[in-house]
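following is a predicted model, sequence given first.
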Protein chains: 2
Amino acid sequence: MSELTVAILGATGEVGKEMLNSLLERQIPIKELRLFASKRSTGQKVAFGDKELVIETLTTDCFEGIDVVLCALDDDIARIYLPEAKKQGCLIIDNSSIYRLDEDVPLVVPEVNPDDIYTNQGIIANPNCSTIIALVAIAQLHKKATINSMIVSTYQAVSGAGKQGIEELETQVVDISEGKSVTPHVFPYQIAYNLIPQIGGFNAEGHSSEEMKLQNEGRKILHHPTLDVTCTCVRVPVVRSHSEAITLFLDNDLSVEEARQIISETDGVKLVDNLDNQGYPMPLDTSNQDLVYVGRIRKSKVGNQSVLTLWCCGDQVRKGAATNAVQILEHYIKHSN
Amino acid sequence: MSELTVAILGATGEVGKEMLNSLLERQIPIKELRLFASKRSTGQKVAFGDKELVIETLTTDCFEGIDVVLCALDDDIARIYLPEAKKQGCLIIDNSSIYRLDEDVPLVVPEVNPDDIYTNQGIIANPNCSTIIALVAIAQLHKKATINSMIVSTYQAVSGAGKQGIEELETQVVDISEGKSVTPHVFPYQIAYNLIPQIGGFNAEGHSSEEMKLQNEGRKILHHPTLDVTCTCVRVPVVRSHSEAITLFLDNDLSVEEARQIISETDGVKLVDNLDNQGYPMPLDTSNQDLVYVGRIRKSKVGNQSVLTLWCCGDQVRKGAATNAVQILEHYIKHSN
């Protein structure tokens, strides 16, 4: 058992709750777990294995005695509290996007760049959910054949907008079935039976912030500053798992068989690519578990370039957020012992 | 008024019903309209403007006196009846896929290759729905800058599997809301809250038949036999409109402004690309009308190539099938007069 006291900030949200599950499932050895959320949740009781924990109020002076902070707060709230946690000397593992591109903050997918954890100066950032899912799928292919460019279309679940996103889809489906009109609150338009090709704001070149994350965070995680990523991010009426159609432009030729072999040996990934039996990744199958499923691996023809296309799905609340953060903690504890 | 007697085969299906609507809306001048379907629908009455038409039984000897056949039958049924219609000298405008790649059968999107209509030898084929929607969106860009390769991810509505597809999604949503288990019949897996990356069977290289259509039919319609198309076709829980994320590799450079200008002047297309006001195509907005909406036009970086990415949506029952066939008839009648 490590001597660490760990806190989850935002413990009542979708990601926070999954951090608890992941800590339990992975049997992370910690001395004490403390749960923080907004005042509204103070005093709520939460089961953690055979213990019962009580939600405490998140304040700027709640960090005394805490060694590691797992942050599942939205960006604007994280900006208020994390500097205080840092001042108190807590190690921060942060799922918000506020520090991800800072030079002195490592951005880590444990299956891809675990060593970066140990360059931290008090903050380790957890990448964007679509970025984690794509990079777990492709990082080992990159090691073998060097990915220069990627073209990605995402099919992103409503859980990416948290508990409210899931509730909005569920409410809209019921309202429509009862003939009621739909008023969107969380998403800019109706999401039930619809697709919304906008996640985040747009830059001057017409790319959304979500679309830029895959390039900017991908470059940092892969230590590959010239990687070009073209991305179309789309919200779809699916609950928990993100899916991505990815086309890779490679420096070296890689056969489908070699790619399948590499994927089948990659940590954190399950090869599901048996077309004879209609075997391919689907978001229903990847929800409520930690593996990224990869399949539909095939050659593509774009001029004379070496191009592979694949399809992957992963639970965006778990591997795309909570589990990845807990895995970073797990590596950190192992290394500290 | 032309002197043509027109028949719709499969008049009670989703596409057949929309052919009726489209004939009315476009005020196609015909002498008589006759509706055929399987025995089960015989005698059903159908409104057509201020007339009432009665469904007749489709048989191999029902084609006497018919000048033009609009075929909305599934492939296996079309294979039985169309050779008989051909023998009887009917002009066939066929929405099935059975003749599409035959050398002596023109494959036509009226906004793209209308002149091909007049090379027909008795059969004109209507392309695949995703192919029509993509080609209406991009054909004028191709004229300006030559598209050598395309990478496409589709988000295809359940109406692509006909009336049964729509019913299956609706039934599953209700069953799930009532806590019942879901048994798929039309699609290989649950489609409610899920994505299925398979439409049609797979070839030896791992591409689905739907994915190959966009390349094979696209080459024929654009008269561009070296066009390479990489496609990932995915069924999504959306009712009527298909959406597509398309990345174009161009021979000549084309700015975003030029592309927007071309799209805004293209027949059959509406430019919806106003990001400041969250203006972009969505499948809910394109359903029950004929235009293909195009937006999210932006530059992409893949090496030093000239690459544009865009997003388009269109009603797959209407422009993707019924309307396109009726437009072919419309051109044919105009030319005959």
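Nice, thanks for sending it over.

how about the strands of the stretch 1-150 of chain A, start to end?
With strands called from DSSP state E, counting those that start in this stretch, the stretch 1-150 of chain A shows them at A:5-9, A:32-37, A:45-48, A:51-54, A:56-57, A:68-71, A:91-94, A:123-125, A:147-155.

out of those strands, which is closest to residue A:191?
strand A:147-155 (12.5 Å; CB to CB). Every C-beta, even on glycine, is put in place using the N, C-alpha and C of the backbone.

and stretch A:12-22, does that touch chain B?
No - figure legend: stretch A:12-22 not in contact with chain B (CB under 8 Å from any CB of the partner chain); closest approach 16.0 Å.

picking that back up, now the strands of the stretch 1-150 of chain A in a markdown table, with mean pLDDT?
Below are these laid out as a markdown table (pLDDT from 0 to 100):
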| stretch | mean pLDDT |
| --- | --- |
| strand A:5-9 | 98 |
| strand A:32-37 | 97 |
| strand A:45-48 | 95 |
| strand A:51-54 | 96 |
| strand A:56-57 | 98 |
| strand A:68-71 | 98 |
| strand A:91-94 | 98 |
| strand A:123-125 | 98 |
| strand A:147-155 | 98 |
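
need those in CSV (columns: distance to chain B).
Below are the strands of the stretch 1-150 of chain A laid out as CSV (distance: least, CB to the nearest CB, whole Å):
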stretch, distance to chain B
strand A:5-9, 28
strand A:32-37, 28
strand A:45-48, 24
strand A:51-54, 29
strand A:56-57, 35
strand A:68-71, 29
strand A:91-94, 29
strand A:123-125, 25
strand A:147-155, 3
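
ranges for the strands of the stretch 151-300 of chain A?
A:228-232, A:241-250, A:269-271, A:292-300.

most tightly packed of those strands?
strand A:241-250 (a mean of 26; mean count of other CB atoms under 10 Å in any protein chain shown).

same for that one, what does it pack against?
Under the contact criterion of 3 or more CB pairs under 8 Å, 6 or more residues apart in numbering or on different chains; DSSP states H and E, strand A:241-250 touches helix A:129-145, strand A:147-155, helix A:283-286, strand A:306-315.

okay, it in CSV with CA atoms only?
Taking C-alpha atoms only, strand A:241-250 is exported to CSV below (Å, rounded to 0.1, in the frame of the first residue of the first chain):
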residue,chain,number,x,y,z
SER,A,241,-18.3,5.3,-26.9
HIS,A,242,-16.6,7.4,-29.5
SER,A,243,-15.9,5.8,-32.9
GLU,A,244,-13.4,7.0,-35.5
ALA,A,245,-12.7,6.2,-39.2
ILE,A,246,-8.9,6.8,-39.6
THR,A,247,-6.9,6.9,-42.8
LEU,A,248,-3.1,6.8,-42.2
PHE,A,249,-0.4,8.1,-44.7
LEU,A,250,2.7,6.1,-43.9
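
who does the nearest residue to residue A:90 once chain neighbours are set aside bridge with?
What sits nearest to residue A:90 in space, not counting adjacent residues and going by CB to CB, 6 or more residues apart in numbering or on different chains, is residue A:69, at 4.6 Å. Listed beta-bridge partners, residue A:69: residue A:7, residue A:92 (assigned using DSSP bridges).

how many neighbours does residue A:69 have?
26 (other CB atoms under 10 Å in any protein chain shown).

residue A:199 is nearest to which of the strands of the stretch 1-150 of chain A?
Per CB to CB, nearest to residue A:199 of the strands of the stretch 1-150 of chain A: strand A:147-155, 8.0 Å.
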